[in-house]
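Colleague: What follows is a predicted structure for the sequence shown.
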Amino acid sequence: MIDLIVLPLIKIVFVLTGVLITVMYLVLLERKVQAWVQARLGPMRVGPHGVLQPIADVVKLFVKEDVTPARAEKWVFTAAPIIVLVPALIAFAVIPFGPEVNLFGRPVPLYITDLNVGLLYIVSVAAIGVYGIILGGWASNSKYPLLGSLRSSAQLISYELAVTLTFVSVILAAGSLSMVEIVEAQRNNGIWFAFVQPVALFIYFVGALAETNRNPFDLPEAESELVAGFHTEYSGMRFALFFLAEYTNMIVVSAVATTLFFGGWLRPFPNVEWLSFLGLVPPWIWFTLKTFALLYLFLWIRATLPRYRYDQLMQLGWKWLIPLAIANIIVTAAVKVVLGS
Amino acid sequence: MEPDAGRSMFDTDELVINMGPQHPATHGVLRVVLKLDGEKVVDADVVLGDLHRGVEKLTENRDWTQIVLLTDRLDYVASAAANLAYVETVEKLMSIEVPRRARYVRTILAELQRLASHLVWLGSHAMDIGAITVFLYCLRERELILDLFEEYCGARLTYNSMRIGGLPQDVPSGWLPKVLRYCDVQEEKLVEYETLLTQNRIWLQRTRGIGAITGEAAIAVGLCGPSLRGSGVPRDVRKDEPYAAYDEIPFDIAIGSNGDTYDRYLVRLEEMRQSIGIIRRAVEGLPEGPVMAKVPRLIKPPAGETYHANESPKGEIGFFIASDGRSTSPYRLRVRPPSFCNLQALPQLVRGHLVADVIAIIGTIDIVLGEVDR
Amino acid sequence: MGEAIAFYTLAALILGFAVLVITARNTVHSVLFLVANFLFVAALYVLLGAQFLAVIQVIVYAGGIVVLYLFVVMLVNLKRPPEAHRDRRRKAGLGLAFSLVILAEVVAIAVFGLVQPAHLAAPKAPLPPEAADNVQQVGWALYTQYLVPFEVASMLLLVAMVGAIVLARREL
């Protein structure tokens, strides 16, 4: 009973709270990092150095008036932000934050579940999120959101292909679809897959930027062109849900990248004996550190690069990333066959 | 009959979209009606007048000195340039000889203003294309210019910094070294902007070949200033019809070759470098003497009309003034605003490009709505 | 017991959403019901222990194909019904013909299953010993026994893709 219901529930509550708090502070971190890059201070008023700013933001969003445009499709309009957020959150079900640990004399794995198709589960969950974006734009009954949502969904679908193809080469290298086993495979090989599959890592990272609508692929919400893209008509809490989903997705893609390419919870150089003092740091801290390093890269890129144009983005996706990913799969498979025989 | 009868399911509609007047990237209250085929712009129609204040009519009820104030509010990111063009027109009408020191200081002010205006342009243009950081860097340096202006005339945006016949006051002591120090800082920072943009692949893809126009077409549609020079036409009022101290200070005209957004970007950056050079030379060669000519208390130009043009940061700004010789205000004053003339090229520039390029092109022609609508 | 409850709940939901798909007046709504329908079908696969199939169902149908439906429905002018739908008699005739064909198929399957139950139950090909998990089983079946149909299907998809591009490009 405890193993079947209570433990998973506790873990789910822990992960959800953790994710939501991380999102709040990720927003603050983004504002601070951007401010530092841009020779500003960033939020400074709420709390020392603005550390309480996220709370102020949440309160503001909660008490704001929640406007539904007069000719909007009411039900779909309300459902859209939820459809975006829920997939982003349930993706955490298969992400391993750490190995099994002993808590109160009971072995507790630091992940909610270990599906044998874990990686595909993440792909499928991401595919559902697209609906929220399309529907949000359509239900607003307004032109800019519609254009924004079309762009966005076309972008997501195109880059999902490239990202999924990079998964295939990782699966070939690891020999499993389960997230936990992929991490274990990296321990057994004694090397992070980032070094085995650098091309896949590159394609994955570019695709991840595009899938989370981040600069330089933030076209769906290119404010200078489409005002605010698909969520132009949203305000208050419903807007906050979209916002939450965007940042949750950033964490998801960073966590997946950590798991697939940077050895998940493993310490750096897991097989080098004289570095074993690094093992004193708990695995989940390594995981968090790696994820945040990747998130920082997202923020850094946003502060540096201009934005791609829509057709250029599509060209990059279809004419460069997808062929490259396919070539990478072929090479990986060939190498595996040659080494295996 | 149903309205849709006779059309197949596969017929596509042109989507008409109103970009503006409340749109984050139209630089004010510009409204562009775009006809789109998918994301491709079939046609664009510029709708003006949302910021019309009747400045030209207002001048007919103000006396000649008060009008300087109104010229501040034309191109509000480059008001010293409009001040200069106006006072020079009146001086031309009254045949006033301006002291040499005043002409030099005017040149320094005009070039500082050009730098400030180009900084605002570069920042907002880059931000429209998504590079937010450049915007903040540009405003950081513009702040230095505003401080210089504040020290000179007390105002930070609408300077009212020229008088008919000269200047309101001589430069404060210690101001010129500060100007030179600013020039050093700016020269260094220009490199910083360029590292972020000039060789950036995304920036190149977003600006090369976008909104290209040939030299002849640009002249035909009436483009002026850096936008015209980007197409390779070496027209610069400062060289062609020198005013202030430009005939005594050597500088080069920056010209592009392809007439696209990227060339206009390079032209403006080169102009900023030239401006720094001009300021340095003007400070070095600044003559001693008065800064105000002998002008009557009551300014009343003789009957007649005249036109005089300057090179403002946006292009050729001209004032046409008709005086009846009796009243203390102009009989008719007409501004030739560079922003307005450059805006006329917009439909031609955007046709066939994508929605995202419209933003880049609005940015590249560098308009200020206060000047377009007057 | 629990499995049976889950199965009947899912079946009821699947049928309910299927009915909503064809009765909803707003086309976008009916596409959404279709998505829900597919998701519950995926849940049914999970119940059968076919996680791989369930995930693929979600990725391909719910995530890919129906998104394209949604594009079409949102963008194409659907206010005017196609000509064929105006002729009530023809519509009724077509509907009757289709339902008869499907009924015949269902009856045939049922009869076939009753006559030869052993044939259905037997595994088609011997699985290799290591093909323990779901993904490997599917892969093994596709690339051994069903290799020809698999390749034919991929050719068909390729032809469809080229055809779509030819249709969509206005100038080639």
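Modeller: On my side now, so go ahead. Please read all numbers here as calculations on a predicted model, not as lab measurements.

Colleague: ok, now which ones touch the residue nearest the centre of chain C?
Modeller: The C-alpha lying nearest the average C-alpha coordinate of chain C belongs to residue C:61 (Cα atoms, centre = their mean; 7.7 Å). Contact analysis of residue C:61 by Cβ atoms under 8 Å, 6 or more residues apart in numbering or on different chains lists residue C:38. To be clear about C-beta, it is placed using only N, CA and C from the backbone, and glycine gets the same treatment.

Colleague: how much space is there between it and chain B?
Modeller: Computed as Cβ to the nearest Cβ, to the nearest Å, the residue C:61 to chain B distance reads 24 Å.

Colleague: any idea how far residue A:316 is from that residue?
Modeller: Plainly put, residue C:61 is 28 Å away from residue A:316 if you go by Cβ to Cβ, to the nearest Å.

Colleague: Same check on residue C:142?
Modeller: Taken as Cβ to Cβ, the span from residue C:142 to residue A:316 is 32 Å.

Colleague: In the stretch 101-250 of chain B, which residue sits nearest chain A?
Modeller: Closest approach between the stretch 101-250 of chain B and chain A, counting by Cβ to the nearest Cβ: residue B:130, at 2.8 Å.

Colleague: what helix or strand is the residue lying closest to that residue once chain neighbours are set aside on?
Modeller: The spatial neighbour of residue B:130 that comes closest, neighbours along the chain excluded (Cβ to Cβ, 6 or more residues apart in numbering or on different chains), is residue A:307 at 2.8 Å. Under DSSP states H and E, no helix or strand contains residue A:307.

Colleague: go on, residue A:36?
Modeller: Assigned by DSSP H and E, residue A:36 belongs to helix A:7-37.

Colleague: tell me the average confidence for that helix?
Modeller: Across helix A:7-37, the average pLDDT comes to 87.

Colleague: Show me what it is packed against.
Modeller: helix A:53-63, helix A:236-261, helix A:283-304, helix B:132-153 (3 or more Cβ pairs under 8 Å, 6 or more residues apart in numbering or on different chains; DSSP states H and E).

Colleague: And residue C:142 and residue A:316? Which one has more around it.
Modeller: Legend: neighbour count by other Cβ atoms under 10 Å in any protein chain shown for residue C:142 and residue A:316, higher for residue A:316 (21 against 13).

Colleague: Return the residues of chain C in contact with chain A.
Modeller: C:26, C:28-29, C:32, C:35, C:39, C:51-52, C:55-56, C:58-59, C:62-64, C:67, C:70-71, C:74-75, C:133-135 (Cβ under 8 Å from any Cβ of the partner chain).

Colleague: repeat that for 10 Å
Modeller: C:26, C:28-29, C:31-32, C:35, C:39, C:42, C:50-64, C:66-68, C:70-71, C:73-75, C:132-136 (Cβ under 10 Å from any Cβ of the partner chain).

Colleague: Check those residues for burial and list the buried ones.
Modeller: By neighbour count, with 16 or more other Cβ atoms under 10 Å in any protein chain shown, the residues of chain C next to chain A hold C:28-29, C:31-32, C:35, C:39, C:42, C:50-59, C:61-63, C:66-67, C:70-71, C:73-74, C:134-135 as buried.

Colleague: Output the residue of chain A whose distance to chain C is smallest.
Modeller: For chain A, Cβ to the nearest Cβ, closest residue to chain C: residue A:127, 2.4 Å.

Colleague: tell me the contacts of the closest residue to that residue other than its chain neighbours?
Modeller: What sits nearest to residue A:127 in space, not counting adjacent residues and going by Cβ to Cβ, 6+ apart, is residue C:63, at 2.4 Å. By Cβ atoms under 10 Å, 6 or more residues apart in numbering or on different chains, the residues touching residue C:63 are A:123-131, A:156-157, A:160, C:35, C:38, C:56-57.
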